[in-house]
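S.K.: predicted structure and sequence below. I'll ask about it afterward.
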Amino acid sequence: MTKAEFFDMLDQKLRGVPEPDRTQIIQRYEDLFHHALASGETEEQVVHRILYQGSGAAAPAAPGSKKSDSSLRLILGGFALILFNLIFVLGPFIAVCAVLFSLGLAGIILMTSPLVYYFANGIPDSLLEMLFVIFSCTALFGLGLILTVGVSYVGPKFMLLIKKYIGLNVKAARGY
């Protein structure tokens, strides 16, 4: 891209900027071109440096420009997002985490309860009592196993959902 093409593009981009600011920005880039050409760079090198690597002489934001408005909007949006998450999301999140933790802990306790029974009471003497204890312990162990497997299946899915929600919040905070 040549110097003339660059300034045509710059002129199109600066259409909404007030005239004094527009003139000042164009003058800065004229000075940048003048110094770069005087130091031996070609027009194409200067344009490439400005467009792709930054010039070191960024154009100042015009007063009342969209940059300052969007910064304020991003800050207010961030505060609104934090407030929304604290009011509407944090309570249910803590409740779901507590339920998952409680179910997992109950599953582990139910799975270990037959061992605790046998260590505390030993093997029963009568056949009927032994069959009842074996059935009860098998039922408790099975229920504990079902709870533990269920929590180990739902837990990672819940963590993935949390990760996606955090990503959504980050995108919303950045304005994407």
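M.R.: Here it is on my side, so go on. Residues are numbered from 1 along each chain as shown.
S.K.: tell me the mean pLDDT for the helix or strand residue 157 falls within?
M.R.: Per DSSP states H and E, residue 157 falls inside helix 127-174. Across helix 127-174, pLDDT averages out at 93.
S.K.: just checking, residue 124 touches residue 134?
M.R.: No. If you go by C-beta atoms under 8 Å, residue 124 and residue 134 don't touch, sitting 9.1 Å apart. All C-beta spots, glycine's among them, are computed from the backbone N, C-alpha and C.
S.K.: distance-wise, check the residue located most distally from the centre of the chain relative to residue 116.
M.R.: Most distant from the centre of the chain: residue 126, at 61.5 Å, with distances by C-alpha atoms, centre = their mean. Using C-beta to C-beta, to the nearest Å, we find residue 126 at a distance of 21 Å from residue 116.
S.K.: go on, residue 86?
M.R.: Distance from residue 86 to residue 116, counting by C-beta to C-beta: 42 Å.
S.K.: so, low pLDDT: which residues of the protein?
M.R.: By pLDDT under 70, the weakly predicted segments of the chain are 53-70, 176.
S.K.: quick one: the helices in it?
M.R.: 3-13, 19-38, 43-48, 66-84, 90-121, 127-174 (DSSP state H).
S.K.: deepest of the ones you listed, which one?
M.R.: Comparing these by mean neighbour count (mean count of other C-beta atoms under 10 Å), helix 43-48 comes out on top with a mean of 16.
S.K.: pull the distance from it to the chain's centre.
M.R.: 38 Å (C-alpha atoms, centre = their mean, to the nearest Å).
S.K.: list of residues touching it?
M.R.: Helix 43-48 has contacts (C-beta atoms under 8 Å, 6 or more residues apart in numbering) with 1-3, 5-6, 32-33, 36-37.
S.K.: again with stretch 144-158
M.R.: Stretch 144-158 is contacted from outside by 96, 100, 103-104, 106-113, using C-beta under 8 Å, 6+ apart.
S.K.: only C-alpha atoms, please: export that stretch in PDB.
M.R.: Extracted in PDB, the C-alpha atoms of stretch 144-158 (Å, rounded to 0.1, in the frame of the first residue of the first chain):
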ATOM      1  CA  GLY A 144     -24.200 -46.400  48.000                       C
ATOM      2  CA  LEU A 145     -22.700 -47.600  44.800                       C
ATOM      3  CA  ILE A 146     -25.500 -46.100  42.800                       C
ATOM      4  CA  LEU A 147     -25.200 -42.800  44.500                       C
ATOM      5  CA  THR A 148     -21.400 -42.700  44.100                       C
ATOM      6  CA  VAL A 149     -21.500 -43.600  40.400                       C
ATOM      7  CA  GLY A 150     -24.300 -41.100  39.800                       C
ATOM      8  CA  VAL A 151     -22.300 -38.300  41.500                       C
ATOM      9  CA  SER A 152     -19.100 -39.300  39.600                       C
ATOM     10  CA  TYR A 153     -21.100 -39.100  36.400                       C
ATOM     11  CA  VAL A 154     -23.000 -35.800  37.100                       C
ATOM     12  CA  GLY A 155     -20.000 -34.100  38.800                       C
ATOM     13  CA  PRO A 156     -17.800 -33.700  35.700                       C
ATOM     14  CA  LYS A 157     -20.800 -32.600  33.600                       C
ATOM     15  CA  PHE A 158     -21.600 -30.000  36.200                       C
END
